[in-house]
Structures are given as structure tokens and as C-alpha cells.
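1. Sequence isn't available, so here's the structure alone:
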């Protein structure tokens, strides 16, 4: 093998690669994630929040519709935060240039469509601070989500 650009390695190298793969193959099947011991049932009250990228940063909207389901209980590192849960506000589309083999230049894809997030409604602490890059965009009061007008 003089180059990695080909998919034809020759008979000898193919046999050698196959032998090495068989030698290092696990004896028992493995799981790449955590097994779920029981089915998770959740019927939590959810608040739908839509975040749209704007020239000024971002805008936030929510409706007064009550939803049931599961909301994430943890999040990763990112610049878009709902109280203490943070998420990335953009998607990287970096790729290696296969023709020049140069370093990745990269670009950032900012969606024009709104990003939708679901947060669990917390009656004890109904205010949700939405921040982008640690700057407050909007505070949402989730206390009235799902409320309807009373009939007389």
C-alpha cells in the first residue's frame, strides 16, 4: 500500500487485514450504549419553545398549548441555554478537503427555520430564562401554559 486513496489493497494486504480483524474481534457481543432496564413512562407537562436566529441574535416564542411527554433531563455544553440546560445554537458542517488534504477550513450552518425545544413545566419555578452566549434573550413565564378561559 503506497497510498490510502485506493480501495484495492491487493490480495496479500486484504488477507492480512482480514486476519488482523478476526484476531481482534471481541469474543462476546458488546453494546455501544447503556442498556435500559425498564421502559420509561413519562407524562410530564411540557412547554414548547421555538428559537429563531435573527440578525440581532435570536428571538424566542412559545404558545399556550399544554403538551405531555418527556423532556430532556440533562444537556451538553452550548451557548443557547434555558435556565441551566444549554444546547449548541449552531451546527458545524466542517469536512476534510479530500483533494488538497489541507486543514479543515470549516463553516457554521445557522438554521433559518426555528429550533424547537421542550422543557418540563415546573410550577415551583415557572420562570425560564433563555440566554444566548450568556446574554438574556427573554424570560418566559410557564405558569399559565395550558390555562384556558373559564365557562360561566
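-> Received the coordinates, thanks. Since we're looking at a predicted model, the values are computed, not measured.
2. Which parts of stretch 48-68 count as buried, going by neighbours?
-> 49, 51, 53, 58, 60, 62 (16 or more other C-beta atoms under 10 Å). Every residue, glycine included, has its C-beta placed from N, CA and C.
3. same deal with stretch 139-148?
-> By neighbour count with 16+ other C-beta under 10 Å, stretch 139-148 contains the buried residues 140, 142, 145.
4. Just the pLDDT at the last one, thanks.
-> Reading off the per-residue confidence, residue 145 sits at a pLDDT of 78.
5. Packing partners of the strand of greatest length in the chain?
-> Assignment by DSSP state E gives strand 44-54 as the longest strand of the chain. Judged by 3 or more C-beta pairs under 8 Å, 6 or more residues apart in numbering; DSSP states H and E, strand 44-54 is in contact with strand 57-62, strand 67-69, strand 115-120, strand 127-132, strand 135-141.
6. for the buried residues of stretch 139-148, which one is nearest residue 117?
-> Nearest to residue 117 among the buried residues of stretch 139-148: residue 140, at 11.0 Å, using C-beta to C-beta.
7. Do you know the pLDDT at that closest one?
-> At residue 140, pLDDT is 87.
8. quick one: contacts for it?
-> 47, 49, 60, 62, 127, 128, 130 (C-beta atoms under 8 Å, 6 or more residues apart in numbering).
9. can you check residue 123 too?
-> Residue 123 sits next to residue 143 when contact means C-beta under 8 Å, 6+ apart.
10. now swap in the one 10 residues further on and tell me
-> With contacts defined as C-beta under 8 Å, 6+ apart, the neighbours of residue 133 are 57, 79.
11. quick one: it and residue 10, what's the gap?
-> Residue 133 sits 53 Å away from residue 10, taking C-beta to C-beta, to the nearest Å as the criterion.
12. Over to residue 38?
-> Residue 38 is 51 Å from residue 10, by C-beta to C-beta.
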